[in-house]
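Engineer: Predicted model, plus sequence, below.
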Amino acid sequence: MESGGLISTEEAKRRVLILENPALRGESRATNTLFAGIQMILPGEIAPAHRHAAAAIRFVLDGDGAYTAVEGEKAFMSPGDFVITANWAPHDHGNPSKKPMLWLDVLDVPAVNFFETSFSESFDEPTQETTRKDGDSLSFYGSGVLPDGTPAMNRTPVINYTYARTRPIVERIMHAGDIDKRHGARVRYANPITGGPVLPTMGAWLAMLPKGFKGEPYRSTDGTIFVCVEGHGSTNVDGKVLEWRPNDVFVVPPWKRYSHTAPKESVLFSISDRPAQEALGIWREGK
């Protein structure tokens, strides 16, 4: 919030507080493959249109009424919404509301940079022309039907997986008793055309932990970024206890054994590079 008075979106293009891994000083990354940061857009501001080779997601933390326009769809955002910006997709942000909007950005920038394939492009106009209404892509592709002739693609065509739609699903799964002993009642955000991950390089999940949950130990090779959406609890990562509450962001590094504990019903969002590892045949999990 202090940064809002120090630098404008005109100066910064994107006002982002970088969440830097302390073991990787100066490298602007949360894990070896993922960038993470908290972006803020103040009332009346516009973050101008651009596109880049890196894929990005937004997970909304606070505020209501700001939007991200992606590939011609203006998606208005609320806390808990999961917004997709695919590789090379034009996008801009705006905030016509009266409150600041904050969200978590996660991008595959370190992985893209490793392959030396980082390109970007700005546009002459600060905003793109929008031809689709808010929620069109979710209605078109995320409702159990598809527009006839929809081609297969390796990333989701849905722009915004709204929390208002996803949370009741995971809650219903929990009440049905489908609770994983390690992850709780968890759903995977999916590409509705293929059933695969939302992006080739990043996958995301939403998990509800029932009251009194004590998760069994788990580890996997994907470095994972977590966000507490509701409730409170802790995660033990190789003996180090990380306490979390709403909007806290924490990271579990690759192949570190961890377990969640939640004294009250809680919700965790997570995103990792698992799809990229699976495509390369190197992902694994264990206890």
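Structural biologist: Great, that's in hand.

Engineer: Quick check: closest non-adjacent residue to Asn95.
Structural biologist: Ala66 (4.0 Å; Cβ to Cβ, 6 or more residues apart in numbering). (Glycine included, C-beta is placed from N, CA and C.)

Engineer: So in the protein, which helix runs the longest?
Structural biologist: helix 163-175 (DSSP state H).

Engineer: what about the helices in the protein?
Structural biologist: Secondary structure of the chain, counting by DSSP H: helices at 9-12, 109-114, 136-141, 163-175, 274-280.

Engineer: For the residue nearest to Asn95, give its distance to Leu242.
Structural biologist: 29 Å (Cβ to Cβ, to the nearest Å).

Engineer: Give the buried residues for stretch 81-93.
Structural biologist: Asp81, Phe82, Val83, Ile84, Thr85, Ala86, Asn87, Ala89, Pro90, His91, Asp92, His93 (16 or more other Cβ atoms under 10 Å).

Engineer: Got the phi and psi for the first one?
Structural biologist: Looking back up the chat, that one is Asp81. phi -70, psi 150 (degrees, to the nearest 10).

Engineer: Neighbours of the residue lying closest to it once chain neighbours are set aside, how many?
Structural biologist: Nearest non-adjacent residue to Asp81, counting by Cβ to Cβ, 6+ apart: Val60, 4.6 Å away. Number of residues near Val60 (other Cβ atoms under 10 Å) recorded here: 23.

Engineer: quick one: contacts for Val60?
Structural biologist: Residues in contact with Val60 (Cβ atoms under 8 Å, 6 or more residues apart in numbering) are Met77, Ser78, Pro79, Gly80, Asp81, Val83, Met101, Leu102, Trp103, Tyr163.

Engineer: got those as CSV, with pLDDT and distance to Asn32 columns?
Structural biologist: Below are the contacts of Val60 laid out as CSV (pLDDT from 0 to 100; distance: Cβ to Cβ, whole Å):
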residue, pLDDT, distance to Asn32
Met77, 97, 29
Ser78, 97, 32
Pro79, 98, 29
Gly80, 98, 28
Asp81, 98, 27
Val83, 97, 24
Met101, 96, 29
Leu102, 97, 26
Trp103, 97, 23
Tyr163, 98, 29
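
Engineer: which of those residues count as buried?
Structural biologist: Met77, Pro79, Gly80, Asp81, Val83, Met101, Leu102, Trp103, Tyr163.

Engineer: Isn't the second one up against Asp64?
Structural biologist: In other words, Pro79. Yes: checked against Cβ atoms under 8 Å, the pair Pro79 and Asp64 is within contact range at 7.1 Å.

Engineer: Would you mind listing the residues in contact with the spatially closest residue to Gly231 that is not a sequence neighbour?
Structural biologist: Excluding the flanking residues, the one nearest Gly231 by Cβ to Cβ, 6+ apart is Ser266, at 2.7 Å. Counting by Cβ under 8 Å, 6+ apart, Ser266 makes contact with Met208, Leu209, Phe213, Cys228, Glu230, Gly231, His232, Gly233.

Engineer: circling back to that earlier point, who has more neighbours out of Ala66 and Leu242?
Structural biologist: Ala66 (26 against 16).

Engineer: For that one, give me its contacts.
Structural biologist: Ile41, Phe76, Met77, His93, Gly94, Asn95, Pro96, Ser97, Met101.

Engineer: circling back: which two among the buried residues of stretch 81-93 are spaced furthest apart?
Structural biologist: Pairwise distances across the buried residues of stretch 81-93 peak at 20.5 Å for Asp81 and Asn87 (criterion: Cβ to Cβ).

Engineer: hey, what's Ala185 bridged with?
Structural biologist: Taking DSSP bridges as the rule, Ala185 bridges to Met208.

Engineer: pLDDT score for it?
Structural biologist: Here the pLDDT value assigned to Ala185 is 98.

Engineer: Pull the contacting residues for it.
Structural biologist: Ala185 neighbours (Cβ under 8 Å, 6+ apart): Val170, Glu171, Ile173, Met174, Asp178, Ile179, Ala207, Met208, Leu209, Pro210.

Engineer: What about the fifth one, how many residues nearby?
Structural biologist: When you say that, I think you mean Asp178. Asp178 has 13 nearby residues by other Cβ under 10 Å.

Engineer: How much space separates it from Ile169?
Structural biologist: Taken as Cβ to Cβ, the span from Asp178 to Ile169 is 11 Å.

Engineer: okay, the residue nearest to Trp88 when sequence neighbours are not counted: pLDDT?
Structural biologist: Of all residues not flanking Trp88 in the chain, Arg51 sits nearest, at 5.3 Å (Cβ to Cβ, 6+ apart). Looking at Arg51, its pLDDT is 94.
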